[in-house]
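Visitor: A predicted structure for the sequence below; I have some questions about it.
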Amino acid sequence: MRKLLLPFIIIGVTLIILSRLFYLQIVDDTYIKKSENNALKIVYEYPERGYVFDRNNKLLIANQPSYDIMVIPREVKDIDTLALCKLLDVPLEDFHKKLEKAKVYSPRLPSIFLPQLSKGEYAAFQEKIRHFNGFYIQKRSLRDYQVTSGANLFGYIRQVNEDFVKKNPYYKPGDLIGIQGIEQEYEEVLRGSKGVKYIQRDRFNREIGSFKNGMYDTLAIKGEDITLTINSELQAYGELLMQNKRGGIVALEPSSGEILALINAPSYDPNLLVGRERSKNYTALYNDSLAKPLYNRVLSGEYSPGSPFKILTALIGLQEGVINEHTAFSCNRGFYYGRGAWMGCHDAGHWSLNNAIAKSCNTYFANAYKRVIEKYKTPAEGIDRWSAHLESFGLGQFLGYDLPEGRKGHIPNSAYYDRWYPNKGWRSTTTISNSIGQGEVIMTPMQLANMFAAVANKGYYYTPHIIKKIDHHKIDNKFTTKHVTTIDPKYFTPIIQGMNDVFNFGTGRSVRVEGLEMCGKTGTVENFTRINGKRYQLADHSVFVAFAPKENPKIAIAVFIENGSWGAKWAAPITSLMIQKYLLPEIARKDLETRMIEGSLKGEYDKVVKLHQVYDIPKK
């Protein structure tokens with residue numbers, strides 16, 4: 001056997017070498033192309049990105065032609081540099097910087113020298129291109145927005161950077177990629193596939209035709225078209241209502257989780273981030289640190305939810321059996337708890353659940369919360385049970401929607417309070433502010449809207465999503481999976497009636513619409529800022545959350561207005577108008593529409609600026 005071992009090894013190694021040679025010479029053409037690379041010119045053909053439509057098949061985003069001037073550094077010989085700089089309106093210093101940067105990437109591969117020429121610039125350069133060896137024109141397509149709204153949910157297109165190219169071999173320097181919004185989330189679907197052409201040259205560097213008759217060439221494949229769940233008219237109307245205000249609006253279809261509108265204010269025209277001026281415009285938007293037009297308040301803004309959270313306090317109280325729809329508490333403009341501590345309330349009376357919701361009585365919900373926590377042997381048990389109910393509504397976690405940004409908010413549990421109170425000296429009254437949405441509970445406007453979609457559905461929700469259809473693709477199953485809360489459906493009925501009465505005789509009666517059954521809840525959220533370590537109170541945030549109609553709801557909506565004072569002043573009218581826009585043939589409350597469109601909170605925002613100017617003084 002030992003005599004045969006050596007021949008077997010020799011034969012085995014020989015077969016491996018021969019098979020590898022066969023693969024390299026016959027099957028794999030990589031090294032052929034590399035060996036002839038000095039005689040090849042590689043030209044990429046860039047596909048059109050997929051078009052974007054709204055839920056009613058209205059075109060939102062198309063494409064427009066764009067032209068980049070490319071350079072192959074080693075081929076730049078015997079050109080009139082000054083003439084080229086004058087033609088392209090490029091300073092001589094910038095010319096050398098761009099050329100040097102291209103050399104660093106590769107002396108023999110193309111790099112972008114000047115991106116996104118206009119048609120006029122393209123025509124002028126094309127006429128004289130023969131005088132500038134090493135330069136050629138690469139045709140691409142840029143986004144062509146058919147609307148001036150929706151910038152925050154669309155995102156934008158920009159060139160990839162060097163670090164990204166190193167990690168993603170599909171992309172080459174100068175390639176465009178989607179950033180933020182649907183452009184980033186659905187980049188691989190929208191971008192299509194690049195085509196490649198290999199052009200052979202002779203020893204004088206003249207092009208003599210396709211390499212091997214084009215057998216290695218590939219065609220560009222256009223990106224897939226996508227249809228969004230957005231109603232573009234509702235989106236544009238929401239942005240109109242939010243002019244001269246800061247905050248967000250998000251509207252969902254409760255029965256599906258489809259996002260009908262997602263408005264951030266202030267916003268901007270998406271066309272500002274297209275073309276040669278993109279960089280300058282982006283810098284201006286980015287540097288606006290006060291208005292933050294690039295910041296997605298709906299997805300990333302974390303706020304105390306305020307009084308809309310009382311709806312969950314009531315539902316948990318019903319589920320835990322510590323209250324019923326007939327339970328009543330007396331309120332004398334506030335709730336006393338623990339050593340003279342006091343939670344104020346704007347009204348007085350002996351309220352049942354229905355009236356407590358309609359009148360937004362702090363005392364009622366503080367009592368309900370206290371009973372839930374004290375039902376269990378320890379506060380830790382009670383708070384963990386309470387937080388588990390809240391998490392079933394998607395709170396305190398990422399919802400899983402198909403947009404690339406967002407925060408998960410915060411729902412406290414016993415571990416959280418044990419860290420703050422190491423001696424475990426906390427109890428229900430220590431955390432009583434949670435009952436009215438002013439404690440340690442933090443939510444995004446998206447979570448607030450989704451919570452109310454679950455209430456509208458009497459105990460379940462679908463993951464919010466913005467994609468409705470992708471050509472030749474299936475939508476992710478997670479968007480059609482029902483999430484069921486821990487609250488029994490029967491407990492939603494009295495809650496919904498109380499929310500309906502908010503419009504009938506409660507805090508939202510000023511924005512009711514005859515014949516339109518709406519259910520909602522106002523909210524006024526305390527608002528503080530910290531300057532040089534000192535806490536200052538600003539105008540409250542205005543919040544309103546609603547769904548309509550009462551039976552078989554078609555829309556659930558959350559409106560959050562920064563520094564907007566009480567909920568009924570700004571957020572409630574905007575909520576009512578958005579619902580009218582979506583459900584009615586025309587706006588019924590023209591008085592509200594005029595007031596909201598013409599209204600401005602600029603004065604409140606100027607106060608914040610002045611406060612920073614006065615107190616935000618650098619220490620010497």
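Guide: Received, thanks. Numbering: from 1, shown residues only.
Visitor: state the number of residues packed around the residue lying closest to Lys482 once chain neighbours are set aside.
Guide: Once its chain neighbours are removed from consideration, Lys482 has its nearest residue in Tyr460; the separation is 5.1 Å (Cβ to Cβ, 6 or more residues apart in numbering). C-beta here means a position set from N, CA and C on the backbone, and glycine is covered the same way. As a burial measure, the neighbour count of Tyr460 was computed by other Cβ atoms under 10 Å and equals 17.
Visitor: so Tyr460 bridges to which residues?
Guide: Partner residues in beta bridges with Tyr460, using DSSP bridges, are Val484.
Visitor: surely it touches Ile487?
Guide: No - taking contact to mean Cβ atoms under 8 Å, the distance of 9.8 Å between Tyr460 and Ile487 leaves them out of contact.
Visitor: which residues of the stretch 1-150 of the chain fall in helices?
Guide: Per DSSP state H, counting those that start in this stretch, the stretch 1-150 of the chain has helices spanning 2-22, 30-35, 81-88, 92-105, 119-128. These are given in chain order.
Visitor: repeat for the stretch 351-500 of the chain
Guide: Along the stretch 351-500 of the chain, the stretches classed as helices by DSSP H, counting those that start in this stretch are 353-359, 362-374, 379-391, 414-420, 445-456, 492-504.
Visitor: which residues are contacting the third one?
Guide: Same thing as helix 379-391. 312, 315-316, 319-320, 369, 372-376, 396-397, 411-414, 417-418, 424, 426-428, 430-431, 434, 441, 485-487 (Cβ atoms under 8 Å, 6 or more residues apart in numbering).
Visitor: contacts only, for Val52.
Guide: Leu59, Leu60, Ile61, Phe154, Ile182, Leu190, Asp225, Ile226, Thr227, Leu228.
Visitor: what do you get if the cut-off is 10 Å, keeping everything else the same?
Guide: 58-62, 143, 145-146, 150, 154, 182-183, 186, 190, 225-228, 230 (Cβ atoms under 10 Å, 6 or more residues apart in numbering).
Visitor: which among those residues count as buried?
Guide: Neighbour-count burial (16 or more other Cβ atoms under 10 Å) applied to the contacts of Val52 gives 58, 60-61, 143, 145-146, 150, 154, 182-183, 186, 190, 225-228, 230.
Visitor: among these, which are in strands?
Guide: Secondary structure from DSSP state E places Leu60, Ile61, Arg143, Tyr145, Ile226, Thr227, Leu228 of those in strands.
Visitor: and these as TSV, adding pLDDT?
Guide: Rendered in TSV, the data for those read as follows (pLDDT from 0 to 100):
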residue	pLDDT
Leu60	97
Ile61	96
Arg143	91
Tyr145	94
Ile226	96
Thr227	97
Leu228	97
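Visitor: pipe those into JSON lines and attach distance to Pro115 per row.
Guide: Putting those into JSON lines (distance: Cβ to Cβ, whole Å) gives the following:
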{"residue": "Leu60", "distance to Pro115": "24"}
{"residue": "Ile61", "distance to Pro115": "20"}
{"residue": "Arg143", "distance to Pro115": "14"}
{"residue": "Tyr145", "distance to Pro115": "19"}
{"residue": "Ile226", "distance to Pro115": "25"}
{"residue": "Thr227", "distance to Pro115": "30"}
{"residue": "Leu228", "distance to Pro115": "28"}
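Visitor: how close does Leu40 sit to Ile112?
Guide: Using Cβ to Cβ, to the nearest Å, we find Leu40 at a distance of 20 Å from Ile112.
Visitor: of those two, who's got more company?
Guide: Taking Leu40 and Ile112 together and counting by other Cβ under 10 Å, Ile112 has the greater number of neighbours (21 against 18).
Visitor: contacting residues for that one?
Guide: Ile112 touches 68-71, 98, 101-102, 105, 138, 140, 159, 172-175, counting by Cβ under 10 Å, 6+ apart.
Visitor: thinking again about what came up before, can you say which of the helices of the stretch 351-500 of the chain is packed in most?
Guide: Ranked by mean neighbour count under mean count of other Cβ atoms under 10 Å, these are led by helix 445-456, which reaches a mean of 28.
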